[in-house]
Structures are given as C-alpha cells and as structure tokens.
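> build me a model from this:
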Amino acid sequence: MSENADNRRPGARAKDVAAPLALMLLILAAWEGLVRVFEVPPYILPAPLEILVTIVRERELILGHLQVTLYEIIAGYLLAAAVGFVLSILIVYSKAFRRGVLPLIVASQTIPVIAIAPILVIWFGYNDIPRIIITALVAFFPLTVSFVTGMESLGPELINFFRSLNATPIQIFLKLRMPAALPNIFAGLKMATTLAVIGATISEWVGASAGLGYMMAQDTQQINTARVFAALVVLGTFGILFFAFIGLLQRLFMPWVYGRARIGWLLSRRREQSTVSGAGETAA
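Numbering: from 1, shown residues only. Predicted coordinates for the structure are as follows:
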C-alpha cells in the first residue's frame, strides 16, 4: 500500500470498508429474495439464511473439520514460505543455481497439483504430510517469485555504495536487500494466504478422512448443498482473516512506511487546526 493511500482520514478509510460491505449485504438480500420468490429448491441453491442456520446448527461438526484444515493451511503456508525464501536467496546470489533451478521451478507449475496427490499418498501414506506438501506446492511459486523480485529490485549503485563503506555481504543482505524487498515479500505472502486455503481444500479431495474439503466432497455426493455452502463461508471467512493478519504483520515490520503515513496525517490535522484557529483570531 502506498503512503498516499494510507495517509488519509479514518473516515475515508471507513468509507472504503463500508462500500464493499453494503454491496455484499445488497447481494445477499437479492439472493435471499430471488430464492424465495422463484422457490428454488435448497439442494440447488440454498438461501443465505438457511446457510447461516446450517453453520449454527452444525457448528461442532464444521469446527471439528475446520481444525484439520487450518492445521494443513498453516503448516503448508509456513513450509512454502521457508522453501521459497531459501530458494530465492540461492537464485539471487548464485547464477549457476538460477540457470539450473529456476526453469525447473517454472516448469513444475505446468503440472496439475491434484495429479500428483495420489503419488504423494503412496509415498507418505494416508496422513497429513501429503496434504501439507500439496498446500505448500500451490502456495510456494508466487512466494518465490515475489521474494526474488523484491531482492533484485535494488539498483547496483546502492549495493556498490554499501560496499564502498566496507559492508559485509550479510550486512548488505540484512540492512539493504531485505528492507527493500519487504513490499514484494509481503505482497507474495498475502497472495499465498488465499492459495494455501485453496491448496488445503483441494488436497483433502484425495486420501483424506477429515477436513472441510473432505466434508464438502462427501456432502456433494449426498446433495447436502446447504452444508457445502456453509463450509465455503467458513473457509472464506478464515481466508479474509488470514489475509488481514498478514497485512497487520506488514505494518509491524514496515514502520518506516506506515508510521510515517500516520505521522503525516497527524501533522496535517494539526495544520488544519492551526489554520482554523488563526482564522478565528483574525475574524475576532
């Protein structure tokens, strides 16, 4: 997020939140009305209120499956971030590694992840490991690309300047490359939150006995459409919260951007107050 976009009054930011919320409520109201007016069968398209009732009525079952899926999401996400970070460092600092591995990383994305799920089940058995690996495979590519892009965003003049100050390679990495790469790194981390949710859900379609993806597959066969939508709502809600959490971490790890924007807003408020006070004294 740019400084100009963040250097605004809280009221303006509240309007940005209120607008999509109002649109969502309008869509839900239209959905509820159309389902009732046209008497759409619940097994084809349940009404939003029926989905909400299903979530409340079967919350214990849904939350039990959610715990399994959350574990896979978090574990796969962390694995993808760790592998992507290590690979990005090797790609940036080793030209030979870049030439040999980067094409393989790109080529790996042409293989459907669901196609290798049975192989992972054969190798690791019917446990959490294949599902965590699948989640990591889905999320790690944008992470790696974002990390590499961020670390390579520096111009050679800055690196040469640090070298002229006798900075070691580790100092250049920690004090120059990493701070400069943080915007791209957090952009990749945010993107990976949604991909990890998708990857964990897909992974539970093969060789799983629990999880929201498994429950959705079973409910689809039983035409329990309301519970399928309930699982989607719960997954979507967690995805939004996960994305917001990474955004909060971004603010904590980049205080030189968001702290400066906050200070700028406070100074602008003080200038406005001073202007108003000066105008009042002049009028008096």
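> just the strands in the stretch 1-150 of the chain please.
Counting by DSSP state E, counting those that start in this stretch, one finds no strands in the stretch 1-150 of the chain.
> please name the residues that touch the closest residue to S153 other than its chain neighbours.
Spatial nearest neighbour of S153, chain neighbours left out: A180 (5.9 Å); criterion: C-beta to C-beta, 6 or more residues apart in numbering. The C-beta positions use only the backbone N, C-alpha and C, and glycine is treated the same way. Residues in contact with A180 (C-beta atoms under 8 Å, 6 or more residues apart in numbering) are 150-151, 153-154, 158.
> host element of A180?
Taking DSSP states H and E as the criterion, A180 maps to helix 178-203.
> let me see the ranges of the helices in the chain.
Using DSSP state H, the helices of the chain run over residues 3-6, 10-37, 48-57, 59-93, 95-108, 113-124, 128-151, 156-164, 169-172, 178-203, 212-221, 225-253, 255-283.
> export those helices to a markdown table and tack on mean pLDDT?
Listed next are the helices of the chain as a markdown table, based on pLDDT from 0 to 100:
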| stretch | mean pLDDT |
| --- | --- |
| helix 3-6 | 47 |
| helix 10-37 | 83 |
| helix 48-57 | 94 |
| helix 59-93 | 94 |
| helix 95-108 | 86 |
| helix 113-124 | 85 |
| helix 128-151 | 91 |
| helix 156-164 | 86 |
| helix 169-172 | 88 |
| helix 178-203 | 92 |
| helix 212-221 | 92 |
| helix 225-253 | 93 |
| helix 255-283 | 59 |
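> single out the most deeply packed of these.
Mean neighbour count (mean count of other C-beta atoms under 10 Å) peaks for helix 128-151 among the helices of the chain, with a mean of 24.
> elements contacting that one?
Applying 3 or more C-beta pairs under 8 Å, 6 or more residues apart in numbering; DSSP states H and E, one finds that helix 128-151 contacts helix 59-93, helix 95-108, helix 113-124, helix 178-203.
> between the ones you listed, which gets nearest to L137?
Checking the helices and strands packed on helix 128-151 against L137 by C-beta to C-beta gives helix 113-124 as the closest, at 5.3 Å.
> show me what the closest one is packed against.
helix 128-151, helix 178-203.
> what do you get if the cut-off is 6 Å, keeping everything else the same?
The contact analysis (3 or more C-beta pairs under 6 Å, 6 or more residues apart in numbering; DSSP states H and E) places helix 113-124 against helix 128-151.
> could you give the angle of the helix it packs on to helix 178-203?
Per axes from the mean of the first three to the mean of the last three C-alpha atoms, to 10 degrees, the angle that helix 128-151 makes with helix 178-203 is 150 degrees.
> tilt between helix 128-151 and helix 95-108?
Helix 128-151 and helix 95-108 are oriented at 130 degrees to each other (the same axes, to 10 degrees).
> ok and helix 128-151 relative to helix 113-124, angle-wise?
Counting by the same axes, to 10 degrees, helix 128-151 points 130 degrees away from the direction of helix 113-124.
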